[in-house]
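Undergrad: could you look at this predicted model? Sequence included:
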Amino acid sequence: MIQEDFLPLLGTDYVEFYVGNAKQAAHYYQSAFGFKLIAYAGPETGIKDKTSYVLQQNKATFILTTTLYQNNPIADHLSKHGDGVKAIALHVNNATDAWQETTKRGAISYVQPTTLKDNTGEVVMSGIHLYGDTVHLFIERKNYTGVFMPGFVSVNNQYFQPTDVGLLYIDHCVGNVGWNQMNTWVKFYEDVMGFKNILSFDDKDISTEYSALMSKVMSNGNGYVKFPINEPAAGKKKSHVREY
């Protein structure tokens, strides 16, 4: 009997980074990696507390977000972690169902289902907490025809058209967790999101003279979304997972 996929995912919608200087970071990703700036949100578009730049290359989409004030969640995240990923957004047909299915299985809610609207349609967003201070967002955009989502305006810089370097889509996103936390989060993805462990590595597989790590690769039902979960293993020096 084939088990029903209670959380059908259509792929990674976007990855959002909290950064100290979003404009500068956006220029870097355009110049070095060939991303195109397609959308923007900030004070000019009615967003008072932050600026966000949306970069895209084929199916890979990044948001770079900077706070304009101190003493808020974005500033706190930057103070604690520095520049880094805040949200891994997953494309779904029904963001309300995704939130209901995951929270009833034990996920802690980050954003209850919320409908964002403008004159090109609507996007439904919901979300749950993950390890550390990262989150998963569920994005439903089947009734939206705009450039990205409500609150953003289209950007078309005719004077700067970066050369595509061949990036096609987001293949996988790695979660680095603390000592003895890998199996805890593997179980989370199994129980809460219906993922399967498709590949495992121990410290004999991934090691050098000085560092080592262990990893289990989690995949959703159709294989569109993969999350390796890494934890450090004992070595002569800090592994990059432990350093992170």
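TA: Nice, I can see it. Source: prediction; values computed, not measured.
Undergrad: and the closest residue in space to residue 83 that isn't next to it in sequence, its phi and psi?
TA: Once flanking residues are discounted, residue 83 sits nearest to residue 19: 4.4 Å by Cβ to Cβ, 6 or more residues apart in numbering. Quick note: C-beta positions are derived from backbone N, CA and C, even for glycine. The phi and psi values for residue 19, taken as degrees, to the nearest 10, are phi -130, psi 160.
Undergrad: for residue 19, which residues are in contact?
TA: Residues counted as contacts of residue 19 (Cβ atoms under 8 Å, 6 or more residues apart in numbering) are 25, 64-66, 78, 83.
Undergrad: okay, and the beta partners of the residue nearest the centre of the chain?
TA: For the chain, the residue nearest the mean C-alpha position is residue 88 (1.6 Å; Cα atoms, centre = their mean). With DSSP bridges as the criterion, residue 88 is bridged to residue 15, residue 136.
Undergrad: now it: how far from residue 188?
TA: 14 Å (Cβ to Cβ, to the nearest Å).
Undergrad: then residue 42?
TA: The spacing between residue 42 and residue 188, counted by Cβ to Cβ, is 35 Å.
Undergrad: residue 164: what's it in contact with?
TA: For residue 164, the contacting residues are 34, 57-58, by Cβ under 8 Å, 6+ apart.
Undergrad: out of these, which end up buried?
TA: Neighbour counting with 16 or more other Cβ atoms under 10 Å marks 34, 57 as buried within the contacts of residue 164.
Undergrad: could you list the low-pLDDT ranges of this protein?
TA: 1-3, 201-212, 233-244 (pLDDT under 70).
Undergrad: and the helices in this protein, which stretches?
TA: Taking DSSP state H as the criterion, the chain carries its helices at 22-33, 73-81, 95-104, 182-193, 240-243.
Undergrad: closest to residue 132 out of these?
TA: Of all the helices of the chain, it is helix 73-81 that lies closest to residue 132, at 7.9 Å by Cβ to Cβ.
Undergrad: list the buried residues in that closest one.
TA: Neighbour-count burial for helix 73-81 [16+ other Cβ under 10 Å]: 74-75, 77-78.
Undergrad: over to stretch 102-121?
TA: For stretch 102-121, by 16+ other Cβ under 10 Å, it's 102-103, 105, 107, 110-111, 113.
Undergrad: closest one of those to residue 125?
TA: For the buried residues of stretch 102-121, the closest approach to residue 125 (Cβ to Cβ) belongs to residue 111, at 6.1 Å.
Undergrad: quick check: that closest one touching residue 126?
TA: Yes: contact between residue 111 and residue 126 holds when scored by Cβ atoms under 8 Å: they sit 5.4 Å apart.
Undergrad: which residues are common contacts for those two?
TA: With Cβ under 8 Å, 6+ apart, residue 111 and residue 126 have common neighbours 99, 137.
Undergrad: what is the neighbour count of residue 215?
TA: Counted with other Cβ atoms under 10 Å, residues neighbouring residue 215 total 21.
Undergrad: quick one: it and residue 200 touch, right?
TA: Yes: the criterion here is Cβ under 8 Å, and residue 215 meets it with residue 200 at 7.2 Å.
Undergrad: for residue 184, see how far away the residue nearest to the centre of the chain is.
TA: Distance, residue 88 to residue 184, by Cβ to Cβ: 18 Å.
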